[in-house]
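>>> sharing a model prediction with you, sequence too.
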Amino acid sequence: MSQNNQPQHDFVTLVSVQAQAAAKPVNVPNARFFLQLQGDVRVPKGTRVIDVDLFDVDAEQVARWRDEGIYPICYMSAGSYEDWRPDAAQYPKSVLGHDYEGWPGEKWLDIRQIARLAPIITARLDLCRAKGFMGVDPDNIDGYLTKTGFNLSREDALRFVRWMASEAHKRGLTIGQKNAPDLVRDLVGVLDFAVTESPATYDHGPYFAPYVAQQKPVFAIEYLTDKTAIAAFCRQMRDLGFQGINAGQALDGKNYYYCAP
């Protein structure tokens with residue numbers, strides 16, 4: 001164990017103790033879901049849960065959604081750095097890894113360095129709460145499965161997510177598992193919902209069934225174009241008890257289709 005890692009583990013222990021006094025989050029409804037991360041957000045009729053970018057939506061809009069009975073979730077990338085974000089300058093160079101393939105300006109993070117990432121992540125959670133969001137969707141927790149420039153392990157990912165969960169719950173926010181199906185058995189008792197991308201394409205939908213067994217919603221997203229494939233995806237999601245949507249890969253609200261029960 002390196003000297004750099006020891007203080008980080010002490011930090012995790014500290015915040016875990018502090019999290020015992022957390023406010024109780026409001027459960028996420030197992031209901032119609034909508035996700036849009038780019039462009040002006042236009043919410044489809046009947047939506048009960050919405051997942052939108054933390055920085056791009058203001059508090060007034062979040063308040064309107066809540067008044068309409070919609071449960072708002074803030075999306076943020078937890079495991080990667082994005083150079084266009086307003087807090088990008090706060091990331092120390094030591095936590096920046098390889099480029100995130102296919103996304104210019106994005107890099108993987110060394111999630112082992114929780115003490116260095118904590119001021120940034122907790123400030124984002126504070127902003128999420130201040131804007132009136134009720135939950136958080138932390139993306140890119142699965143860097144251990146790819147070449148990040150760091151020797152990340154599955155245990156590193158679990159430690160990082162559990163730390164984020166304690167911080168989110170301390171602020172009265174729910175927090176979800178984003179992808180990483182092999183982490184479900186370790187996180188289903190800690191997290192409050194799940195968001196899984198391409199579960200039919202990569203045949204990992206059933207991995208998230210433990211969330212449903214614990215009466216926690218699973219929101220499934222596919223990026224299909226063939227109508228027959230979309231219909232098959234929706235049948236599978238209904239069988240699993242998931243809330244399924246099909247969307248364009250830009251996640252700009254276009255080509256959205258909800259898998260009705």
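That came through fine.

>>> so what's residue 92 closest to, chain neighbours aside?
Nearest residue to residue 92, sequence neighbours excluded (Cβ to Cβ, 6 or more residues apart in numbering): residue 116, at 5.4 Å. Every residue, glycine included, has its C-beta placed from N, CA and C.

>>> show me what contacts that neighbour?
Residues in contact with residue 116 (Cβ atoms under 8 Å, 6 or more residues apart in numbering) are 92, 94-95.

>>> please apply the same query to residue 49.
28-29, 31-34, 70-71, 73, 217, 219, 243.

>>> quick one on the thing from earlier: of the contacts of residue 116 - the most surrounded one?
Each of these was scored by neighbour count (other Cβ atoms under 10 Å); the top score is that of residue 95, with 18 neighbours.

>>> that one contacts residue 114, correct?
No. Taking Cβ atoms under 8 Å as the contact criterion, residue 95 and residue 114 are not neighbours in contact, 10.0 Å apart.

>>> if we can go back for a sec, roughly how far apart are the residue nearest to residue 92 and residue 31?
Summarising the geometry, the distance separating residue 116 from residue 31, computed by Cβ to Cβ, to the nearest Å, is 38 Å.

>>> does residue 123 touch residue 87 like I think?
Yes. Contact status for residue 123 versus residue 87: in contact at 6.7 Å, counting by Cβ under 8 Å.

>>> and these two? which has more neighbours close in?
Residue environment comparison for residue 123 versus residue 87 gives the larger neighbour count to residue 87, 15 against 12, counting by other Cβ under 10 Å.

>>> returning to that earlier point: so which of the contacts of residue 116 comes closest to residue 24?
Lowest distance from residue 24 to the contacts of residue 116 (Cβ to Cβ) belongs to residue 95, with 32.0 Å.
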